[in-house]
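Participant: no FASTA, just this:
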């Protein structure tokens, strides 16, 4: 009869190669990042949904609906926001479209000691984003025409595997009555980077990639409130559907990145202004707009 030690050694001898093989399979699958292709019918479905979604956005901007969605739904949330909580909400359910999915998320938070125009200035100041938001590893202003700016952002996300995206965006900023500000941002180009920081690093053709992000629209609402600003964002993200059997690889990106990136934006904005206030020793914050 084999002793307990002998049985353990036998078990390890049998399982070690199995475990190594499983690890290699996991690593190979993660590196493979299964590719797909963005279809025109997927784009049309996104644009159609975004058009309907923006009808509610425009109604809020023009005063036909409450400006802040979260307070319209639950006025008691103001207390939570003012206490420092970052409120994640769903303006609508996620939407299945042909060969894709639209993720609908929102975030609301209060930033103390900040003017709405300063917060709005930072959100469209693409030159600064790489120094403010952790997932942005490079950023720059491409151009400015009146209240519309164009900028590029390089994102790096890590969830099971690492994904790097080169993106370009057009942001239109509008100053409203009573000190409110509204910013509409639409992506104009999103390309996935393959073999990041390797000699063979290169961009994949837009729409012929892993499908982690094909389109991104964000809508920012900023409202002065006593000694600070209530900041709210609603976003639409178009991704691939999760392929069968690969949810553990693709799922963390297409499901959590649209939500987590919003929270990071608010946290980064709050941290930026908190640091500037502390550095100046007063509540006065120099403007963070385009230089």
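Facilitator: The structure has been received and is ready for your questions. Fair warning: this is a prediction, and the values are worked out from it, not measured in the lab. Numbers count the residues shown, from 1 in each chain.

Participant: make it CA atoms for all contacts and neighbour counts henceforth
Facilitator: Noted.

Participant: residue contacts, residue 165?
Facilitator: Residue 165 is in contact with 154, 155, 156, 190, 191, 192, 193, counting by CA atoms under 8 Å, 6 or more residues apart in numbering.

Participant: beta partners of the fifth one?
Facilitator: Read that as residue 191. residue 166 (DSSP bridges).

Participant: okay, buried residues for the helix or strand harbouring residue 80 please.
Facilitator: Using DSSP states H and E, residue 80 sits within helix 77-82. Using 16 or more other CA atoms under 10 Å as the test for burial, helix 77-82 gives 77, 78, 81, 82.

Participant: tell me the pLDDT at the first one?
Facilitator: What it means is residue 77. On pLDDT, residue 77 comes in at 89.

Participant: one more: residue 138?
Facilitator: pLDDT at residue 138 comes out at 98.

Participant: tell me the strands in the stretch 1-150 of the chain, going along the chain?
Facilitator: For the stretch 1-150 of the chain, the strands defined by DSSP state E, counting those that start in this stretch occupy 36-37, 87-89, 95-97, 100-112, 136-145, 148-159.

Participant: do you know which of the ones you listed lies nearest residue 207?
Facilitator: strand 36-37 (5.5 Å; CA to CA).

Participant: for the residue nearest the centre of the chain, helix, strand, or coil?
Facilitator: Closest residue to the average C-alpha location of the chain: residue 261 at 3.3 Å, with CA atoms, centre = their mean. The local conformation at residue 261, judged by DSSP: H, G, I helix; E, B strand; the rest coil, is helix.

Participant: and what of the one 4 residues further on?
Facilitator: Per three-state DSSP, the secondary structure class of residue 265 is helix.

Participant: contacting residues around the closest residue to it other than its chain neighbours?
Facilitator: Leaving aside its sequence neighbours, residue 265 sits nearest to residue 133 (CA to CA, 6 or more residues apart in numbering; 6.5 Å). Going by CA under 8 Å, 6+ apart, residue 133 touches 264, 265, 268, 269.

Participant: what strand or helix carries residue 241?
Facilitator: Using DSSP H and E, no helix or strand contains residue 241.

Participant: what about the closest residue to residue 141 other than its chain neighbours, how many neighbours?
Facilitator: Leaving aside its chain neighbours, residue 141 sits nearest to residue 151 (4.4 Å; criterion: CA to CA, 6+ apart). Around residue 151 there are 21 other residues, counting by other CA atoms under 10 Å.

Participant: do I have it right that residue 151 meets residue 129?
Facilitator: No: contact criterion CA atoms under 8 Å: residue 151 and residue 129 do not qualify, at 10.0 Å.

Participant: okay, and the common contacts of those two?
Facilitator: 139, 140.

Participant: report pLDDT for the residue nearest to residue 41 when sequence neighbours are not counted.
Facilitator: Closest residue to residue 41 apart from its sequence neighbours, by CA to CA, 6+ apart: residue 98 at 6.7 Å. Among the per-residue scores, residue 98 shows a pLDDT of 96.

Participant: ok, residue 98 touching residue 43?
Facilitator: No: with contacts counted by CA under 8 Å, residue 98 stays clear of residue 43, the gap being 9.1 Å.

Participant: what packs against the helix holding residue 80?
Facilitator: Other elements packing on helix 77-82 under the criterion 3 or more CA pairs under 8 Å, 6 or more residues apart in numbering; DSSP states H and E are helix 69-73, strand 100-112.
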